[in-house]
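Undergrad: structural data only, the sequence is not supplied:
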């Protein structure tokens, strides 16, 4: 039997044309995904990401918070990716549907992590920069730069692999895989480093006793989202290490569970534990956050002495 490229070029134009919509399985030519994506999975994720987008867009308009705006963009981009997979469920050989989902599902997590960087910056402003090892803006600049770099590398690698899978001569699928893998490794390392810095900030702020009980859900949401991103990056790296045609990336259930569901959880956790509802807008005003925290510390310490308040001493022991 000839190579995949030879087989592809011997097929009818209806299949070689990137605009095709052929459902029939051709012997010897696997579907572009290695399987035919399920329509139901695509529809469910489209609906759920639309609801997440609508919520965060509404909060962005109501609360005027940047994390809400960025999360809405990320949910919309995920929606587009799952729309591409839904399209592919009806046209499993279609290259445009394949590339659409590759590009958008690589870009979407960049929005989600950018929202985390902005959210950490707001916490640093409110709780005090003394608890952070880096200036708030530096987190945003450094880690967004890393994410954008990894995104560009992954998109380039995915595009090369997509062209190779469609039978283009002179295009190596291995080259595309290796390029995309390098991008995922950069993303994984960046997310792991940021997670460590968030943990460090939480520990230092906790020891200083500047975290009100009401803010604990914000940190919980951050850690859940970061765990989702780390798990997804590990899945992507492990899958690409086997190659685009490897068993891990050719299992739809694995992709749905370890990419789609994890990214849905990463954005949905900020619906259940939304910092836009928890953090007072007044605390985000210039030079106000630390003053407000100081006032709360005095009030809660006084309440602790009188047996009426929550008390920062209790918070420190409970950390």
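TA: Cool, the structure landed. It should be emphasised that the depicted structure is a prediction, and the values quoted were computed from it without experimental measurement.

Undergrad: shaky segments in the stretch 151-300 of the chain?
TA: Low-confidence segments of the stretch 151-300 of the chain (pLDDT under 70): 162-173, 281-300.

Undergrad: please redo it, this time with the cut-off set to 90
TA: For the stretch 151-300 of the chain, the stretches with pLDDT under 90 are 155-178, 210, 242-250, 278-300.

Undergrad: helices of that one, start to end?
TA: With DSSP state H, counting those that start in this stretch, the ranges of helices along the stretch 151-300 of the chain come out as 173-208, 216-242, 252-255, 262-272, 275-278, 289-306.

Undergrad: let's have those in a markdown table, adding mean neighbour count.
TA: All C-beta spots, glycine's among them, are computed from the backbone N, C-alpha and C. Listed next are the helices of the stretch 151-300 of the chain as a markdown table, based on neighbours: other Cβ atoms under 10 Å:
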| stretch | mean neighbour count |
| --- | --- |
| helix 173-208 | 18 |
| helix 216-242 | 19 |
| helix 252-255 | 16 |
| helix 262-272 | 21 |
| helix 275-278 | 18 |
| helix 289-306 | 15 |
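
Undergrad: out of these, flag the one nearest residue 83.
TA: Closest approach to residue 83 among those is made by helix 262-272 (14.6 Å; Cβ to Cβ).

Undergrad: output the contacting helices and strands for the closest one.
TA: Using 3 or more Cβ pairs under 8 Å, 6 or more residues apart in numbering; DSSP states H and E as the contact test, the elements touching helix 262-272 are helix 39-63, helix 66-90, helix 95-127, helix 216-242.

Undergrad: what residues does it touch?
TA: 45, 48-49, 52, 55-56, 67, 71, 74-75, 78, 105, 108-109, 112, 115, 221, 224-225, 228-229, 231-232, 235 (Cβ atoms under 8 Å, 6 or more residues apart in numbering).

Undergrad: and for residue 69, the neighbour number?
TA: Applying other Cβ atoms under 10 Å, we find 18 residues neighbouring residue 69.

Undergrad: give the contact list for it.
TA: Residue 69 makes contacts with 56-57, 60, as judged by Cβ under 8 Å, 6+ apart.

Undergrad: pLDDT score for the spatially most central residue of the chain?
TA: Residue closest to the average C-alpha location in the chain (Cα atoms, centre = their mean): residue 109, at 2.7 Å. For residue 109, the model assigns a pLDDT of 96.

Undergrad: contacting residues around it?
TA: Per Cβ under 8 Å, 6+ apart, neighbours of residue 109: 74, 187, 229, 232, 263, 266.

Undergrad: hmm, 10 Å instead?
TA: By Cβ atoms under 10 Å, 6 or more residues apart in numbering, the contact list for residue 109 reads 74, 77-78, 147, 150-151, 187, 191, 228-229, 232-233, 236, 259, 262-263, 266-267.

Undergrad: same deal with residue 224?
TA: By Cβ under 10 Å, 6+ apart, the contact set of residue 224 is 265-266, 268-270, 272-273.

Undergrad: let's go with 6 Å and repeat that
TA: Each residue near residue 224 by Cβ atoms under 6 Å, 6 or more residues apart in numbering is listed here: residue 269.

Undergrad: return the residues in contact with residue 102.
TA: Residues counted as contacts of residue 102 (Cβ under 6 Å, 6+ apart) are residue 158.

Undergrad: just to revisit the earlier point, can I get the helices of the stretch 151-300 of the chain in a markdown table with distance to residue 132?
TA: Formatted as a markdown table, those follow (distance: least, Cβ to Cβ, whole Å):
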| stretch | distance to residue 132 |
| --- | --- |
| helix 173-208 | 5 |
| helix 216-242 | 14 |
| helix 252-255 | 36 |
| helix 262-272 | 21 |
| helix 275-278 | 17 |
| helix 289-306 | 12 |
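
Undergrad: out of those helices, which gets nearest to residue 82?
TA: Between these, helix 262-272 lies closest to residue 82; by Cβ to Cβ that is 9.8 Å.

Undergrad: quick check: the residue nearest to residue 130 when sequence neighbours are not counted vs residue 127, distance?
TA: Once flanking residues are discounted, residue 130 sits nearest to residue 208: 6.9 Å by Cβ to Cβ, 6 or more residues apart in numbering. According to Cβ to Cβ, to the nearest Å, residue 208 stands 8 Å off from residue 127.

Undergrad: one more: residue 28?
TA: As judged by Cβ to Cβ, residue 28 and residue 127 stand 61 Å apart.

Undergrad: among those two, which residue is more densely surrounded?
TA: When residue 28 is set against residue 127 and neighbours are counted by other Cβ under 10 Å, the residue ahead is residue 127, at 25 against 12.

Undergrad: what sits against the more buried one?
TA: Going by Cβ under 6 Å, 6+ apart, residue 127 touches 205, 210.

Undergrad: same thing with residue 56?
TA: Contact analysis of residue 56 by Cβ under 6 Å, 6+ apart lists 68, 71-72.
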